[in-house]
Structure formats: structure tokens, C-alpha cells
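Engineer: Based on what follows, work out the 3D shape:
(chains A and B)
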Amino acid sequence: MAMAAPGQLNVNESPSWGSRSVDCFEKLEQIGEGTYGQVYMAREIKTGEIVALKKIRMDNEREGFPITAIREIKILKKLHHENVINLKEIVTSPDGNKYKGGIYMVFEYMDHDLTGLADRPGMRFTVPQIKLLTGLHYCHVNQVLHRDIKGVLLLMPSKDTCSNLLIDNEGNLKLADFGLARSFSNEHNANLTNRVITLWYRPPELLLGTTRYGPAVDMWSVGCIFAELLHGKPIFPGKDEPEQLNKIFELCGAPDEVNWPGVSKTPWYNQFKPTRPMKRRLREVFRHFDRHALELLEKMLTLDPAQKGQDKLWICTCCLCRFFLVGNMSRSNLQANTATLAGICIFHNSLKHSIWLPSADSSHIILYAL
Amino acid sequence: EEAYGYNNLNSDDDNNNNNNSNNNVHLDSCLSQPRREAVEWMLKVNAHYGFSALTATLAVTYLDRFLLSFHFQREKPWMIQLVAVTCISLAAKVEETQVPLLLDLQVQDTKYLFEAKTIQRMELLVLSTLKWKMHPVTPLSFLDHIIRRLGLRTHLHWEFLRRC
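Structural biologist: Modelled structure (predicted):
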């Protein structure tokens, strides 16, 4: 297949000018299914490096190149961080029927996602660098909302529901799958779509139809994952949006103008508002959790997004990082280790504006003031 | 936090270079007329769908960067129209919440009508020519920062920003 030479525009020829061919890679096996295409493990022939190839599906001709892929590429080109997955390049497939779907995103290869890790008793995480949310913090500082953080730990180990928190064998954790991510601007308050985030991890403000939102949406998802890790199963497994809201209200209490000023003005409040009074039962339901873990959870699963101040949440998320640090990730040990974890993430007022990171040998915690 | 912001501004060097040489597009007499028509058409589509100012800026930037990389062929006058549809489509996908189908984008007296699959092919060509960099620094990137620094935060200022 001839390539269009620079300076000559001929759309009947291959539009791969400027990109390498996927033939530079040898596909080894399919390892998963992303938001919009398969993911393969592959080896770069020239260097022998193992990478992940994510195929961009191009089924919907009427829309052209998929918007999710455009958003993901745009955002990943902007983010460079050790806890955010690295997009190495885009390659095209050399077959003649190119516009039918031969575009691949090349990522660094990660060994695991969070799905099913808790199932493997022998799996030990002694390496310190599991900094779950420094990656997320980096995204927020760069005005990117991820909008699709999910855990799906124990119940759904199938390939197509994989978590988008990836972990390599050194214990490095990276945030991936930016198909639903987008940029936000602090003050613009532009209208954004509220149909984002996997239902179980979607915060109440989105379920109530808000289209002006910020980093707090990702924080709710983090809270759900944290509780899921301790609880052993997803905490809000709703079938549809009304049921999802109902599950949230049953645990977190019904929203009103006292605990969430402005809630009655959200677009779908009247449609979904609870018919009976509901108390916040978080502490009661999760009373078996460690006291400190519970306090952390209380803050992350606050109904009113405005009360989830970013600095407070960064403390929460850093504590979550500590949580991953506590060594063995097996299910039984998770709860046993909670006490250790919680001992680390003490909510001293004086420490509220700091970030805690593990030392290189994970023997102690270093405190960074913000 | 500031530091991250500045890093971003510096990261898209290629784009900046391209912006500097945009003058060539204006100087090249055989290009200037078709380019102007293409830009005017894209702005009409932008207004028709109520897309934001940033979307329009992105579309024009894509068009100019693409034209710089390819010699425009005078004997194919439809080509620049195809590029224009493609650029407005890509810009809308990058920036807008609601994006029309490829066929529906071709409004406001187009001389040619392109099939969706033709535009899709062109999207790939434009994207790879732009080296998949879709988020260049534009004048609008600075406006937001400047307005915030000057403390101009009234409704009027945002309304102005929205329209410019």
C-alpha cells in the first residue's frame, strides 16, 4: 500500500502519513476490552519492548473518528506523570480498508488492573510506590476531570468490566482509560454532560442532573472504591439511575437544603427526591470498619459536592494511598490491615494541609506540606 | 499548581512554531482566497451550532497547520472544503458537549457535499499530519488567565469572553 508522500494530497491513498504502522509491533495476546476497543499485549519488534495496543473501534461511520478517542488522545498528550498511563504513540494498520478501523494507541504495558487483585492471596505489594491518587491530583491541577474512575473489585472479574487503575509488578499504580475525561476550567462553569462515570461510582450531583461540576465527581468515585476495598463488594450496585440514587440515599441519608444547600434546584430533584425521610446510616452500616477509615469515608461520601473541599480530599486520597501501602492485598488481610492503615492516616487538624508519601524503602512516611 | 500550568504552555512547541509561520498561508496568493472562504464557512457553521469561541479557534488552527504541511492543489477546489469540514468536526469533538453527525455539519451553502466515510478518512489524515496534537496554545488560553489575574469576574466579562 503506497503512502501519501509529503506535499501530495491524495485521500485515496493511505492516510497514515506521520504515523508508524502497527506492523512495527507483534501482537502477543488480547488482554482486555476498553471503553471503545480491544486491548492487546504486544512486543515492539525493533526494541523488544512490551507495550499495550488499544485498538480504536470505528464502527460508527456517521460520526467519523470517535469522539471518545479524540478526547482521550488530546488529554493524554497533555498529561505526563508517573501515575498517569503514558501514551507512547499512535500507529495505523496497513491494510487497505483503513478507515474501517486500523488505528491503535500504544501504551506502556501494565501487569494488572485493580480487578481481582484482592482475589489472589499470594499477591504481595511490598513495593512502596502505590501512589494511587497523586496521578489524579495531577490531572485536577491540569484541569482534567477523569470522570470514569471505577474499582469493580471482587464481583465482576470478567474482561470487559476491567478497572482502569493499572498496576505493574513493581507496584506502580497508574490511572488509565481517559475515554470519558475532559478538560475543565475552574471559573467557567461550562455546561458538561452528566452522563459520565460508571453508574456505581457516579456521584449524586450527576444523578440529579447537574451539568456544572468539578473535581468532586472524581472524589466520590474514590470514596466508593475505598469503601469497596474494605467492604469486599461494591457499596452502591444500582441497576439504573433511580435505584442508584436510592441506594446512595439509604446509606448517606436523603439530601435536603440543610445538608446540601441548593440541592432542590438541581434539574431532576423533584423527580428523584426521596418519598420518605432517610437518615445517614454510614457509620451504622460500616461500624465494623476502623474508626479512622470510617471518618475518612464520611468525608469522601459527603452528599454536597461543595463541602468536599479539595485540600481535605487530598488528605483523604493520600490516606487511601497509605492504605494500598499496607502490604498484602489479599481479602482477609485487607480488614486486618485497616487498623494499621488507619493508624497512619490520622486526621489531626494540624496535618490537614499536607501530603504523606512513603519513603523509598517504605519503612516510614514522609510528610509534605502543601 | 502554577508550575504545572506553565509546563503545559511550554509543552506544545511544535504548535507554536506553526503559529509563527502562519503568515505564509496569508502571503501565498493562491491559498489566501480559498483559505479565507474556508475560514468564513467554518465560522458560519460554528455560529449555526452555537459552538464556543475556542472551537472556532481550534478549527482555524487545525486548518492552517494542515495547509502548511501540504501543497494545496488548485485543480481540486473541493479539497479545501473537505479539509474545512474535517477541521470543524475535529474541533467540535475536542471541545463541544453535543457534536452533530458528519453529514449535518455541512450546512450554510456548501458547494460540495461529502460522504461521512470520506470525511472520516480525511480526519485520520489531518490528525496524523497534526501529529495528534489537538490542544494547541491559542490566544484564548491566555485570556482566561489574564482575566482571573485582573480580577475581572463579573457576568459581563464572562459574556465578553464567551463571544470573543
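
Engineer: my guess is B:Cys87 meets B:Leu127, correct?
Structural biologist: No - under the contact definition of C-beta atoms under 8 Å, B:Cys87 does not touch B:Leu127, with a separation of 10.6 Å. All C-beta spots, glycine's among them, are computed from the backbone N, C-alpha and C.

Engineer: residue ranges with poor pLDDT in the stretch 151-300 of chain A?
Structural biologist: Along the stretch 151-300 of chain A, segments meeting pLDDT under 70 span A:151-197, A:215, A:226, A:229-230, A:232, A:290-293.

Engineer: again with chain B
Structural biologist: Answering for chain B: the residues below the bar, that is pLDDT under 70, span B:1-29, B:71-75, B:144, B:148, B:151-164.

Engineer: change it to 90
Structural biologist: Low-confidence segments of chain B, defined by pLDDT under 90: B:1-35, B:52-54, B:67-80, B:94-99, B:107-112, B:117, B:121, B:124-125, B:128-164.

Engineer: could you point out the longest helix in it?
Structural biologist: With residue count as the measure and DSSP state H as the assignment, chain B has helix B:29-48 as its longest helix.

Engineer: can you map out the helices along the stretch 151-300 of chain A?
Structural biologist: A:204-207, A:216-231, A:241-252, A:269-272, A:282-285, A:291-300 (DSSP state H, counting those that start in this stretch).

Engineer: ugh, wrong one, chain B
Structural biologist: Counting by DSSP H, the helices of chain B are B:2-11, B:13-20, B:23-27, B:29-48, B:53-69, B:78-95, B:116-129, B:139-149, B:155-163.

Engineer: tell me what the fifth one is packed against?
Structural biologist: This points to helix B:53-69. The helices and strands touching helix B:53-69, judged by 3 or more C-beta pairs under 8 Å, 6 or more residues apart in numbering or on different chains; DSSP states H and E, are helix B:13-20, helix B:23-27, helix B:29-48, helix B:78-95, helix B:116-129, helix B:139-149, helix B:155-163.

Engineer: next one: the fourth one
Structural biologist: For helix B:29-48, the contact count by 3+ C-beta pairs under 8 Å, 6+ apart identifies helix B:23-27, helix B:53-69, helix B:78-95 as packing neighbours.

Engineer: Other residues contacting it?
Structural biologist: The set of residues that contact helix B:29-48 without belonging to it, under C-beta atoms under 8 Å, 6 or more residues apart in numbering or on different chains, is B:25-26, B:51, B:55-56, B:59-60, B:63-64, B:67, B:72, B:74, B:77, B:80-81, B:83-84, B:87-88, B:105, B:107-108, B:110.

Engineer: Separate out the buried members of those.
Structural biologist: B:25, B:51, B:55-56, B:59-60, B:63-64, B:67, B:72, B:80-81, B:83-84, B:87-88, B:105, B:110 (16 or more other C-beta atoms under 10 Å in any protein chain shown).

Engineer: Near the residue nearest to B:Ser69 when sequence neighbours are not counted, how many residues? Count them for me, please.
Structural biologist: Using C-beta to C-beta, 6 or more residues apart in numbering or on different chains and skipping the chain neighbours, the partner closest in space to B:Ser69 is B:Thr129 (5.0 Å). Each residue near B:Thr129 was counted by other C-beta atoms under 10 Å in any protein chain shown, and the total is 22.

Engineer: now A:Val222
Structural biologist: Close neighbours of A:Val222, defined as other C-beta under 10 Å, add up to 22.

Engineer: and it, how far is that from B:Val137?
Structural biologist: If you measure A:Val222 against B:Val137 using C-beta to C-beta, to the nearest Å, the figure is 31 Å.

Engineer: now swap in A:Pro234 and tell me
Structural biologist: Using C-beta to C-beta, A:Pro234 is found at 41 Å from B:Val137.

Engineer: Lovely, talk soon.
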